[in-house]
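Colleague: What would the 3D arrangement of this be:
(chains A and B)
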Amino acid sequence: MEYIALILVLICIYCILSLSLDLLVGHLGLLSMAQAGIAGIGSYCTGIIAIEQGFPFLLTVPLVAGATSALSVLVSIPTLRLHDDYYAIGTFGCQVILFSIFNNWIAITNGPLGLPNIPHPRILAWMVDTTSEYLILTSSILAICCLLVHLITNSPLGRVLHAIREDEVLAKSMGHNVVSIKVGIAALSAALAAMAGSLYAHFVTFVHPSNFSVTESILVLSMVILGGAASIRGPIIGASVLIVLPEILRSVGIPSSIAANVREIVYGIALVMMMAWRPHGLVGRYSFR
Amino acid sequence: MQILRCENVCKRFGGNIALDDLSVRFPPSGIVAIIGPNGAGKTTLLNVLTGFVEPDSGDCLFGESAITRMPAHKIARLGIVRTFQELRIVRQESVLENIMLRFPRQRGEKFFGALLRFGVAAEESRNKGEAMRILSSVELEHKANDPSGELSYGEEKLLSLASCLAADARLNFFDEPIAGVHVAVRKQIVKLFKGMKNEGKLVIFIEHDIAFVREIAESLIVMDNGRIVAHGTPSEILNRRDILEAYIG
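Modeller: Numbering: from 1, shown residues only, chains lettered A, B, ... in the order given. The predicted model follows:
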């Protein structure tokens, strides 16, 4: 039971992260490769604030989300001038820089040793200790994120995002300030990703640079593409499949030494098959062709 | 009284002079055609006036607003809409959504408007009614919920032109509106332009089809090498032998 709750918590955290990425990838057509890095900022900030300042959860999360989205605005200024593949390369660069910071700024992040002993969250009088309690917390935050993303994307603003995604020049000619809309959505996406990072840090109580590497960014992107971009269900299904899949592989008795490689092969095959036969993902609305 | 003025506008692309000290004034309403050979600077003029190309020198005024170096989205908000030579519509959205996108100053397009939804539902249903009226005026109402990428070329063109009606702009630019369309769609476009004129709007279009220009334009500008070589009524200009030989053939 504890094991299932643990998997469900991870699914919830990755759902928040992939929903945040879907705002950029699915709704704005910006193929970001830095989402794990941004979640990493959230995780490290949470770790540092919680360990050194002992701030309560209800203060830490908005603080971390706000700081991360402010930082994302700074990063957005150079990257949002890029288009299509160049944007992917630009954000890939940001991801590499963020990983290097996590790994090398030892005074702050503790470098490759990681940041241990992050306390479990405390919400007013509720000390969230057990995995099932944590599941209640993460699923409630996931529900709030779903509502937020639903309100934004199923509105006239969502329509504008899709117009920008398909044709920026046309969107400008309609009177939309494309740059400020992109910066705003990138900031919102960063805030949600930071929230996922924050939940992760509190749950695992330990953060390490390898949790926020390029591979993780690609995993989150795979969740969005596999499930289906520009929908709420898509990233949720994608995250669930890609978190549960390795567990199934483990349960069929593949030795752990080769399980990791098999997992990567399965991801690769799944992604290639999706791109070839279902470019709009399992349940998505938009195709990447 | 002029609604739109350009004074001494110059634009070069490398060694090519696209606009050469061009000055022109447009009346507040009516239908104006711009013709000229390829490379005459017609589309560049339109791009300068809508903020998509920044001129090297010169001034453009829309009413009292200086629009010379204003970003495209701000110019659009002043009440200037345009279509493009290459067809631009949001293909993965429905026909109806393409029209809905054009209504100006929508509350639900603001971040907090989308989140809090005050008055957004009422605004949406009002805009939807108006969008359906626009679609039925160009006989596309039966395709309202189809993805616009599934329309035929003529229908896509009609949709891109009709969506400008939703913007309710004072000034409407169309770049080659009837290129490649069937005669039935062409009739619709004539009706659309005349409707805009009757509402007191200004329609400016670039076109190579002289018969269409003769049929609908009230005023005609002939451009060549970045300059205006003739400006007057179509009947007067299209009867000038020098113009016919040099620019129309």
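Colleague: low pLDDT regions in the stretch 151-289 of chain A?
Modeller: For the stretch 151-289 of chain A, the stretches with pLDDT under 70 are A:288-289.
Colleague: For it, which residues are neighbours of chain B?
Modeller: Residues of the stretch 151-289 of chain A lying close to chain B by Cβ under 8 Å from any Cβ of the partner chain are A:151-152, A:155-160, A:162-163, A:166-167, A:169-170, A:172-178, A:184, A:285-287. C-beta: built from backbone N, CA, C; applies to glycine.
Colleague: Out of those residues, which end up buried?
Modeller: If you count burial by 16 or more other Cβ atoms under 10 Å in any protein chain shown, the buried members of these come out as A:152, A:155-160, A:162-163, A:166-167, A:170, A:172-178, A:184, A:285-286.
Colleague: Just the ones of these in helices?
Modeller: A:152, A:156-160, A:162-163, A:166, A:170, A:172-173, A:178, A:184 (DSSP state H).
Colleague: Out of those residues, which is nearest to residue A:48?
Modeller: Of all those, residue A:184 has the smallest distance to residue A:48: 27.0 Å, by Cβ to Cβ.
Colleague: pretty sure the closest one is touching residue B:112, no?
Modeller: No: counting by Cβ atoms under 8 Å, residue A:184 sits too far from residue B:112 to count as a contact (10.9 Å).
Colleague: Let me see the backbone angles for the most centrally placed residue in chain B.
Modeller: For chain B, the residue nearest the mean C-alpha position is residue B:173 (1.9 Å; Cα atoms, centre = their mean). Main-chain torsions, residue B:173, degrees, to the nearest 10: phi -100, psi 130.
Colleague: In contact with residue 83, which residues?
Modeller: All of this refers to chain A. Each residue near residue A:83 by Cβ atoms under 8 Å, 6 or more residues apart in numbering or on different chains is listed here: residue A:168.
Colleague: was after chain B, sorry
Modeller: Counting by Cβ under 8 Å, 6+ apart, residue B:83 touches B:160, B:161, B:164, B:173, B:174, B:175, B:177.
Colleague: What about the residues you listed, which are in strands?
Modeller: If you go by DSSP state E, those have B:173, B:174, B:175 in strands.
Colleague: show me the contacts for the closest residue to the first one other than its chain neighbours.
Modeller: What sits nearest to residue B:173 in space, not counting adjacent residues and going by Cβ to Cβ, 6 or more residues apart in numbering or on different chains, is residue B:82, at 3.9 Å. Applying Cβ under 8 Å, 6+ apart, we find residue B:82 in contact with A:173, B:46, B:50, B:164, B:172, B:173, B:174, B:175.
Colleague: Check residue A:78 too.
Modeller: Contact analysis of residue A:78 by Cβ under 8 Å, 6+ apart lists residue A:90.
Colleague: And it, which helix or strand is it part of?
Modeller: Assigned by DSSP states H and E, residue A:78 belongs to helix A:57-79.
Colleague: Report the buried residues of that helix.
Modeller: Of all the residues in helix A:57-79, those buried under the rule 16+ other Cβ under 10 Å are A:57, A:60-61, A:63-65, A:67-69, A:71-72, A:75-76, A:79.
Colleague: Which residues are in contact with residue A:124?
Modeller: A:56, A:58.
Colleague: my guess is residue A:58 meets residue A:123, correct?
Modeller: Yes: with contacts counted by Cβ under 8 Å, residue A:58 reaches residue A:123, the gap being 5.9 Å.
Colleague: Okay, strands next: where are they in the stretch 1-150 of chain A?
Modeller: Using DSSP state E, counting those that start in this stretch, the strands assigned to the stretch 1-150 of chain A run over residues A:122-123, A:126-127.
Colleague: Tell me which of those strands is the most buried.
Modeller: strand A:122-123 (a mean of 15; mean count of other Cβ atoms under 10 Å in any protein chain shown).
Colleague: Tell me the strands beside that strand, with direction?
Modeller: strand A:126-127 (antiparallel) (DSSP bridges).
Colleague: So for the partner strand, mean pLDDT?
Modeller: Strand A:126-127 shows a mean pLDDT of 85.
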